[in-house]
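Q: Dropping the sequence and predicted coords here.
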Amino acid sequence: MSVFQKLVLASGSPRRIELLQQAGAEPDRVFPADVDETPARAEHPRSLAKRLSKTKAEKALAALSEEEGFEGAFILAADTVVAVGRRILPKTELLDEASNCLRLLSGRTHRVYTGICLVTPSGKLRQRLVETKVRFKRLSREELESYLASGEWRGKAGGYAIQGLAGTFVVKLVGSYSNVVGLPLYETVSLLSGEGYKVHFGWLSAARTA
């Protein structure tokens, strides 16, 4: 694969790495682009997801533009935002934060937005925004306390991980499941393929070694 087919993931999220691998797109470099994720005043969740994914992509591009072997790489960035109405929920690090989020989500429908941003080898930026609606069951006190005790909520937008124990809370999901995990696969693969990245090359390689 040529230098122009190298892929950089501007995220250190194990979930996004696993999802890319699931799609047959193994990143050649993982570059966690840490940025200030504080929402601007009155910023809509959709706008926040798009802005942060673009900021992460641009930060990775600036850092890697002069690094040998990556000057013509595809750079993929993403950011996931969980919201109830216009209220943006945090990526929970404290027990009280997680408790507050789960109590708010209990018995309600919320939305998960993921902004994805791709920098092409020619330096163009391509963006997509994906929205999924998720409805939680009404959580009992035992369920809430047990989930908080599991620690699975730590570092997760909205205080939960749908691919883990919290999957049992979901009554209904409308849209992309992988979007809620952190990277909408259909839109990501479509974006990469549309810009010339040979995603299916990895599928053929896997078939030959199977």
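A: Good, I have the coordinates. Residues are numbered from 1 along each chain as shown.
Q: Please count neighbours and contacts with C-alpha atoms only from this point.
A: Noted.
Q: So the residue nearest to Ser122 when sequence neighbours are not counted versus Lys59, what's the distance?
A: Spatial nearest neighbour of Ser122, excluding adjacent residues (C-alpha to C-alpha, 6 or more residues apart in numbering): Gly72 at 7.3 Å. Using C-alpha to C-alpha, to the nearest Å, we find Gly72 at a distance of 15 Å from Lys59.
Q: Pick out whichever of the two has more residues nearby.
A: Neighbours were counted for Gly72 and for Lys59 using other C-alpha atoms under 10 Å; Gly72 has more, 23 against 18.
Q: what helices or strands is the helix or strand where Ser193 lies leaning on?
A: Under the criterion of DSSP states H and E, Ser193 resides in helix 185-194. Contacting helix 185-194 under the criterion 3 or more C-alpha pairs under 8 Å, 6 or more residues apart in numbering; DSSP states H and E are the following elements: strand 109-119, strand 125-136, helix 199-209.
Q: again, only using 10 Å
A: Here helix 185-194 touches helix 14-22, strand 74-84, strand 109-119, strand 125-136, helix 177-181, helix 199-209, going by 3 or more C-alpha pairs under 10 Å, 6 or more residues apart in numbering; DSSP states H and E.
Q: starting at the chain centroid, how far to that helix?
A: Chain-centre distance of helix 185-194: 14 Å, with C-alpha atoms, centre = their mean, to the nearest Å.
Q: Renumber starting at 31 from here on
A: Let's use 31 as the start, then, which means that last one is helix 215-224.
Q: For it, give the mean pLDDT please.
A: On average, the pLDDT along helix 215-224 is 96.
Q: go on, stretch 40-47?
A: The model assigns stretch 40-47 a mean pLDDT of 93.
Q: Pull out the buried residues from it.
A: By 16 or more other C-alpha atoms under 10 Å, the buried positions in stretch 40-47 come out as 40-41, 46-47.
Q: quick one: low-confidence parts of the protein?
A: 31-34, 231-240 (pLDDT under 70).
Q: now with 80?
A: For the chain, the stretches with pLDDT under 80 are 31-34, 96-97, 230-240.
Q: So in it, which helix runs the longest?
A: With DSSP state H setting the assignment, residue counts place helix 75-94 as the longest helix in the chain.
Q: which residue is nearest the centroid of the chain?
A: Note on the chain: the residue nearest the mean C-alpha position is Gly212, at 2.9 Å, using C-alpha atoms, centre = their mean.
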